[in-house]
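Peer 1: model the following, please.
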Amino acid sequence: MSTRKLFCRLVLCFAPAFSVVAALGPKVMILVDEKSLGTVATSEIEALAVRKLAEQNVDTVDQDMVRANLKRAQQALKGAGDNRGAAALGREFGADIILVGEAVCKPSAKRIAESNLRAYQAVVTLRAVRTDNSVNLGSASEDVSVVGLEDVSGSAKALRAAGEKALDALIPVMLKKWESGGGSVQALEITVGGVDQIWKLQAIRESLRNRASEIPNVMQKSYAQGVAVFRVESRLPSEELAETLVLKPPQGLKLQVVEITPAALNLRAVEAQ
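Peer 2: Model (predicted):
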């Protein structure tokens, strides 16, 4: 068999695997509090976002599953006002990125020139948050006014127009930052109890500083009554950093996990036996 034929067979053999790798990317959850005519719940932005992400070969969380939990999700959305709340909600649904925001459309009070035409103004505000470390990957806010004959179609048209502009601005930035790993460094506060001797403090501080690939920056904030507090920049989400610290502790010590949150670790140091 010639070298060329062998190469072609290998390419055909491994092509499915290459396709799978190429398709890998973030899974996105979409949760937009959307109101038409100021009060009527709609899903124009959600449908538009699903379509635009599909065009980029990006998977989205099953919106039927989200709707099945709509009441709980809407309550959770109120708690997703900050990035940590949004990230926690996204993790519940297995998403890597959560796209959250608000969209509202209201008609003008008056008809245009005594006709049946009326202006409809829509405002769409969106932001994308990584669910592993609560880092903001981008945001966009757009407003559009359109003229329509009838409330339902005019309101939907305005929402789609504003949503199109917002998504066209946000999605490329979001995906670029995700692919490049941008935004993956997060600030964490590490509190370590049981540090009742100065050698333990030094061992912990040096252990943190010797992990430059995972923790590029370390600052000791305070040390009092056996408790040391460090402010670090981490390339790992808090739970993974906690695992790393416990499995590779400072010399002469063992670390125990007391509490993990997206922005903080609470640990306790004990002497190794």
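Peer 1: where does Q121 sit: helix, strand or coil?
Peer 2: In three-state terms, and counting by DSSP: H, G, I helix; E, B strand; the rest coil, Q121 is strand.
Peer 1: chain neighbours aside, what residue packs nearest to it?
Peer 2: Using Cβ to Cβ, 6 or more residues apart in numbering and skipping residues adjacent in sequence, the residue nearest Q121 is S145, 4.6 Å away. C-beta: built from backbone N, CA, C; applies to glycine.
Peer 1: can you pull the contacts of the one you found?
Peer 2: Contacts for S145 (Cβ atoms under 8 Å, 6 or more residues apart in numbering) come out as 119-122, 158.
Peer 1: rerun that using 7 Å as the cut-off
Peer 2: Counting by Cβ atoms under 7 Å, 6 or more residues apart in numbering, S145 touches 119-121, 158.
Peer 1: give me the pLDDT value at it.
Peer 2: With respect to pLDDT, S145 scores 89.
Peer 1: so it sits in a helix?
Peer 2: No - under the criterion used here (three-state DSSP), S145 is strand, not part of a helix.
Peer 1: give the buried subset of the contacts of S145 as a PyMOL selection command.
Peer 2: Command for PyMOL that selects the buried part of those, burial taken from 16 or more other Cβ atoms under 10 Å:
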select buried, resi 119+120+121+158
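Peer 1: and which of the contacts of S145 is nearest L31?
Peer 2: A158 (20.9 Å; Cβ to Cβ).
Peer 1: list the buried residues in the helix or strand harbouring E164.
Peer 2: Following DSSP states H and E, one finds E164 within helix 151-180. Using 16+ other Cβ under 10 Å as the test for burial, helix 151-180 gives 154-167, 169-171, 174-175, 177-178.
Peer 1: quick one, phi psi at P250?
Peer 2: phi -60, psi 150 (degrees, to the nearest 10).
Peer 1: for V135, give its distance to A87.
Peer 2: According to Cβ to Cβ, to the nearest Å, V135 and A87 sit 8 Å apart.
Peer 1: M29 too?
Peer 2: 10 Å.
Peer 1: tell me, what's touching these two both at once?
Peer 2: Contacts common to M29 and A87, judged by Cβ under 7 Å, 6+ apart, are I98.
Peer 1: can you show me the strands along the chain?
Peer 2: In the chain, the strands defined using DSSP state E lie at 27-36, 40-41, 59-60, 97-111, 118-130, 136-148, 186-193, 217-224, 227-234, 253-261, 264-271.
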